[in-house]
Every structure is written in C-alpha cells, then in structure tokens.
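>>> here is my input, please return the structure:
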Amino acid sequence: MNYTGSVIGTDILQNEDTQARQKHHHTLWQEIQQVLKRNQLGGGEAAQDKQKAKGKMLARERLQHLIDPGTPFLELAALAAHDVYDKPLAGAGIVAGIGIVQGQPCMIAINDASVRGGSYYPLTVKKHLRAQAIAEQNKLPCIYIVDSGGANLPNQAEVFPDRDHFGRIFFNQARMSAQGIFQLAVVVGSCTAGGAYVPAMADETIMVKGLSTLFLAGPPLVKQATGEEVDAETLGGADTHCRTSGVADYYAHTELQAMEMARDSIGQLQQKPLPLKRHWLEPRFPAADLLSLLPTDEKTPIQAREIIARLVDDSCFHEFKRYYGETLICGYASIHGQTIGIIANNGVLFSESAMKGAHFIQLCEQKGIPLLFMQNITGFMVGKEYEAGGIAKHGAKMVNAVATASVPKITLIIGGSYGAGNYGMCGRAYDPRFLFMWPNSRISVMGGSQAAGVLAGIGSQSMDTDDILDMFDEQSKAIYSSARLWDDGIINPLTTRETLGFAFKVAMHHWQQDHNQKFGVFRM
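This next block holds a predicted model:
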C-alpha cells in the first residue's frame, strides 16, 4: 500500500525559461540515446552479419528468448568503455542486466562475440565483476551466455594477474554457489582458456551441438604445446563434453532449445516470484515536468521536493525534521508500493544537516526501510567557523551511518556529486545496491574552477587554467563516468520512477533485516 504522508509539489508554469530547460535536457538525453542505439549493434552490422552467417543468434536476440515476455530488463553499464580504447568496444563487449526468467529476477551476462570476438578487455572484466557483485548483494541467480575467446592478450597485464582481474569472476562463481545463489552457463560459441572456467565453475552447464566449443587451449595452442593436431569440435565440442568428459550437463540441438533448457533450470529453483502487479497510485504531477525543473547550469539550485513529487506514489512525502538542517531533505515515501526513506540535497551540508541525515539513516535501519539518496551536492561546508563547530566530526557521523546501514541503498545523481559530499550521500565507495545518473549529472573531486584556484594557490600548477577547466569539464561528465563504470548507467529522467521501482523490488526481494544492531538510535 502507498505510504501515507502529505502531498508535495506544485504545478509547473510554462514560460521561456522552462521551455529552454526542457529543450536542453531533452537534447542531453537524445545524445545519450544515440550512443545506446549504436551500442545495441554490438561490433556493427558487418560483424553481426558474420555471427548470423555462422548460424548464431545475436546477444540481444538471445536475451529476448531467455526472459519472460513483456517483463522489464534493467540493463547495467550499457555505456561501458565508450571512447575509452583506441577502437570501439560497445558496452565493453558484454550485455549485462537484470531480467525476469520464470518469474525470478536473474542477473544475465551475455558475451557479444560481434565485439572484438567477445574477448575480455579491462573494462569487460570490471563490468562482469560489477554484475556479479549486484547478483551477490541481491541474491540473484546468474545466467552466463558464453561466447568468448577469453582475455584480450595485448591487455593481459591489466586483465590477468591482479585481485579484481579475470580470475575473480570464477572465484565469485564458487562463492555465490556456496551461498546458494544458482550459477548457470549456456555455451553458444567459443569458450577458450580462462573463458572455459565460466561454464566449468557453473552449477549447471548447457552446450549446443555444432556451435559450442570449450577447452583450456584451442587447436593452435595444443599443436604448439604438444604437436597434436585436432579440430575444435573433437577437442571440445558438445558431444565431447556431454558424452565423454562430463564437463557439460545438458545437450541442446539448437540455441533456441538451449534457452528453453536455461528457463527450465531457473524454473526448478522453487523461489518466490518477483511481484510485478500494480497496486499503487501514480504521482499527481507528470514526469515530463522533471526536464523543466532541472536548470541548464550547475550554479542554479534544483528544487528537490519538486523532483520527489514526480517520483513517488501519489506525490506523498512524510518529511522528517522539516525545519532543522534544511539543506538536507529527509523523509518517507513509497515508489511502486515499496516504502522507502529519501535523503535529498537541498544545498551544502552543514553540521545540522549531517547530524539530521545520520539520525534518519539510523531510523530507517531500525525500521528496515531501504534508502534512496538523491545527490546534488557540492560537499560539506568549509571555513574557520564551521571547522571550529566540528563539521568534520558531524560529517563523519553521517558517513559512518551510510557505511554501516545494512538496509538496501540506491543512489541517484540528479545534479552535482563533488568531494566528500559524494561519500556522505552514498557514492560508489559506499556500496549502494545500484547507482544511476541523469544525463546532466557531474561527478569529480571538486569543480574545475576550484581545482585551478587550489593548484595556483599552492604553486604547483603545471597546466594553464583553461586546460584544467577543460580537463575537469570532460572528466566530470556523466558519460565519462558511465564509460568507466563509476555508475550503473545513465537513465532517462522521464522513466526514472520505473527504473527505481524495479530496482527497489529486486533489492528487497530476498533481503532480510540484520538484527545484530548493537545500539539504539542516537538523537543527533
């Protein structure tokens, strides 16, 4: 049922300013959407045609045959690796996200062999590991659709040896399996070297006749190492591994049959389905207003309550400590029927707002209510008066509360995310279940003009001011962040409510409150 609170929000009056804002933010999203559409073509039409000529389905075709018809798919890190490498690497060569299979939310990771043969670049590994981290946090069964040549050899030093490199994928599979989080691999193409361990480490593995190959060393390397000549099918095809070695468990004659087998395996898990029925009231104000509410520059404040009114059920919000620490808005609402606590910036963080935030986080922890952090923050207040007043100590209380709260946390960056404010508002380092950005968002240690001033002040400015400003402008953009997986994706402001509603359902589906709290709520 919807959370009972006061209706907030006002109607937006259309004028030249709101129209300019709408046009600006519509254009920003269109630019992101163009990149997303290009990425859906994987390595391009020619590369996809080669896959089809081999009798293989494309990555996104496999996805559509796997998930339940008409259900949502929350794609993660769709912009990964954008403009990072010398050659394009659409989506870092892997399609990853949460889909519904037989009523169950599952983490699905699909190698796209049309993108550099499905080989693993550093950001491919990072994206795969992020998908597994989300799966482990939310107890999601994992389905790996494998079609990969393994590690990209020219990048082996950044892919192979370190803690969070390629081997961590298999380590995670073993740990999740031990926790009862089902691991399923469907081999639909090449599966070589380290890539062979994804199906080998899975709880169940499906291979396809005439299409799947799985081996630690392919025919060329076998010949080099031993002098033996053998073809790929004999060395590691479906017949070899389903009839002789026992590496694989299910023998499919076609890819379509393999997807049906995968669906059957998930259907046997006997877990409760994700509730997707509608039983809530929509906001009283249209989502289209969001573009009018976002300024075209960073210096103009964002009216957070107006944003909230267009995201939450029935536009109802039960605000906590309304007139204390007013630069931080805290309160209860619901999205798609799920009660949540919201923490939203309404200016720089002072001691009072930091203490209020810490108090509210503890209350949500006590009540088992998940948290939504809405970031638009320049940081904590600085200066002689504020340092003497203990801003570092009071800010640390909020950061501590964010770090130790066990309830699911989701972060949405709607404006700026700068300095320690990023930490206090549950930035990536504080392990939110999901972190999303809007196209207008910015993220960096500080603004470019402040950085130039600091460097000039300490006499270590090796770059001129214009170059520093240009660097910070480029590196703080949302698309720069998303390309490097500092977030889980740039989302459309107009469909944010649907994204958050699904994400909170997934986060709360198997969550159980930690009752090991050692103290009650501190009244800050």
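>>> got the phi and psi for G489?
With angles defined as degrees, to the nearest 10, G489 sits at phi 150, psi 150.
>>> residue contacts, L469?
By C-beta atoms under 8 Å, 6 or more residues apart in numbering, L469 lies in contact with G448, S449, A452. To be clear about C-beta, it is placed using only N, CA and C from the backbone, and glycine gets the same treatment.
>>> to clarify, my last question referred to F160.
Applying C-beta under 8 Å, 6+ apart to F160 gives the contacts A151, F166, G167, G194.
>>> can I get the residues you listed in CSV with neighbour count and distance to T296?
Shown next, in CSV, are the contacts of F160 (neighbours: other C-beta atoms under 10 Å; distance: C-beta to C-beta, whole Å):
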residue, neighbour count, distance to T296
A151, 24, 44
F166, 24, 43
G167, 17, 46
G194, 20, 47
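>>> now the two most distant members of the residues you listed.
Spatial extent of the contacts of F160 (C-beta to C-beta) is set by the pair A151 and G167 at 9.9 Å.
>>> coming back round to it: are any of the contacts of L469 buried, and which?
Neighbour counting with 16 or more other C-beta atoms under 10 Å marks G448, A452 as buried within the contacts of L469.
>>> narrow the contacts of L469 to those in strands?
In strands, judged by DSSP state E, none of the contacts of L469 are found.
>>> need the pLDDT of F73.
Looking at F73, its pLDDT reads 97.
>>> ok, it - contacts?
Shown in contact with F73 (C-beta under 8 Å, 6+ apart): L63, I67, G97, I98, G99, I108.
>>> for those residues, which single residue is the most surrounded?
Counting neighbours by other C-beta atoms under 10 Å, I108 leads the contacts of F73 with 28 neighbours.
>>> could you list the low-confidence segments of the stretch 1-150 of the chain?
Along the stretch 1-150 of the chain, segments meeting pLDDT under 70 span 1-4.
>>> which parts of it are helices?
Using DSSP state H, counting those that start in this stretch, the helices of the stretch 1-150 of the chain run over 16-39, 45-53, 59-66, 122-138.
>>> can you redo these as CSV with distance to P432?
Output for the helices of the stretch 1-150 of the chain, formatted as CSV (distance: least, C-beta to C-beta, whole Å):
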stretch, distance to P432
helix 16-39, 21
helix 45-53, 35
helix 59-66, 25
helix 122-138, 10
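>>> lowest-pLDDT helix or strand in the chain?
Within the chain, no helix or strand scores below helix 448-457, which has a mean of 72 by mean pLDDT, DSSP states H and E.
>>> restricting to C-alpha, output the helix or strand that that one is followed by in PDB.
Downstream of helix 448-457, the next assigned helix or strand under DSSP states H and E is helix 465-475. The C-alpha coordinates for helix 465-475 follow below in PDB (Å, rounded to 0.1, in the frame of the first residue of the first chain):
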ATOM      1  CA  THR A 465      43.800  27.400 -16.200                       C
ATOM      2  CA  ASP A 466      42.000  26.800 -19.400                       C
ATOM      3  CA  ASP A 467      43.500  23.300 -19.700                       C
ATOM      4  CA  ILE A 468      42.500  22.500 -16.200                       C
ATOM      5  CA  LEU A 469      39.000  23.700 -16.700                       C
ATOM      6  CA  ASP A 470      38.700  21.700 -20.000                       C
ATOM      7  CA  MET A 471      40.000  18.500 -18.200                       C
ATOM      8  CA  PHE A 472      37.600  18.800 -15.300                       C
ATOM      9  CA  ASP A 473      34.700  19.600 -17.600                       C
ATOM     10  CA  GLU A 474      35.400  16.500 -19.700                       C
ATOM     11  CA  GLN A 475      36.200  14.100 -16.800                       C
END
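>>> quick one: mean pLDDT for the following helix or strand past helix 465-475?
Once helix 465-475 ends, the next helix or strand along the chain (criterion: DSSP H and E) is helix 478-483. The average pLDDT for helix 478-483 rounds to 96.
>>> ok, now stretch 240-249?
Stretch 240-249 comes out at a mean pLDDT of 96.
>>> buried residues in that stretch?
Across stretch 240-249, burial judged by 16+ other C-beta under 10 Å covers T240, H241, C242, V247, A248, D249.
>>> hmm, back to that, which one of the helices of the stretch 1-150 of the chain lies nearest to S114?
Closest approach to S114 among these (C-beta to C-beta): helix 45-53, 4.0 Å.
>>> the closest one vs helix 59-66, what angle?
Using axes from the mean of the first three to the mean of the last three C-alpha atoms, to 10 degrees, the inter-axis angle of helix 45-53 relative to helix 59-66 is 50 degrees.
>>> what's in contact with stretch 481-490?
So stretch 481-490 is contacted by 32, 75-84, 123, 126-127, 130, 134, 413, 428, 434-439, 441, 443, 478-479 (C-beta under 8 Å, 6+ apart).
>>> write the ChimeraX selection for whichever of these are buried.
Buried subset of the contacts of stretch 481-490, written as a ChimeraX selection, criterion 16+ other C-beta under 10 Å:
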select :32,75,76,77,78,79,80,81,82,123,126,127,130,134,413,428,434,435,436,437,438,439,441,443,478,479
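>>> just the contacts of stretch 481-490: which are in strands?
Short answer: the contacts of stretch 481-490 in strands (DSSP E) are E75, I413, F434, L435, F436, M437, I443.
>>> out of those residues, who's nearest A262?
For these, the residue nearest A262 by C-beta to C-beta is E75; the value is 18.7 Å.
>>> spit out the contact partners of M261.
Contacts for M261 (C-beta under 8 Å, 6+ apart) come out as V186, I206, Y250, A252.
>>> need the contacts of L469 in JSON lines with distance to Y324, can you?
Output for the contacts of L469, formatted as JSON lines (distance: C-beta to C-beta, whole Å):
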{"residue": "G448", "distance to Y324": "34"}
{"residue": "S449", "distance to Y324": "32"}
{"residue": "A452", "distance to Y324": "36"}
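>>> surely S406 touches Q366?
No: using C-beta atoms under 8 Å, S406 is not in contact with Q366; the gap is 10.9 Å.
>>> check which residues of stretch 394-412 are buried.
With burial defined by 16+ other C-beta under 10 Å, the residues of stretch 394-412 counted as buried are 394-399, 401-402, 405, 407-412.
>>> swap in stretch 122-141?
For stretch 122-141, a neighbour-count test (16+ other C-beta under 10 Å) marks 122-132, 134-141 as buried.
>>> can you list contacts of the helix or strand where A420 lies?
Using DSSP H and E, A420 sits within helix 419-424. Under the contact criterion C-beta under 8 Å, 6+ apart, helix 419-424 has outside partners 345, 348-349, 354, 357, 375, 377-380, 395, 398-399, 402, 429-430, 443, 445-446.
>>> centre of the chain to that helix, how far?
Its chain's C-alpha centre and that of helix 419-424 lie 19 Å apart, by C-alpha atoms, centre = their mean, to the nearest Å.
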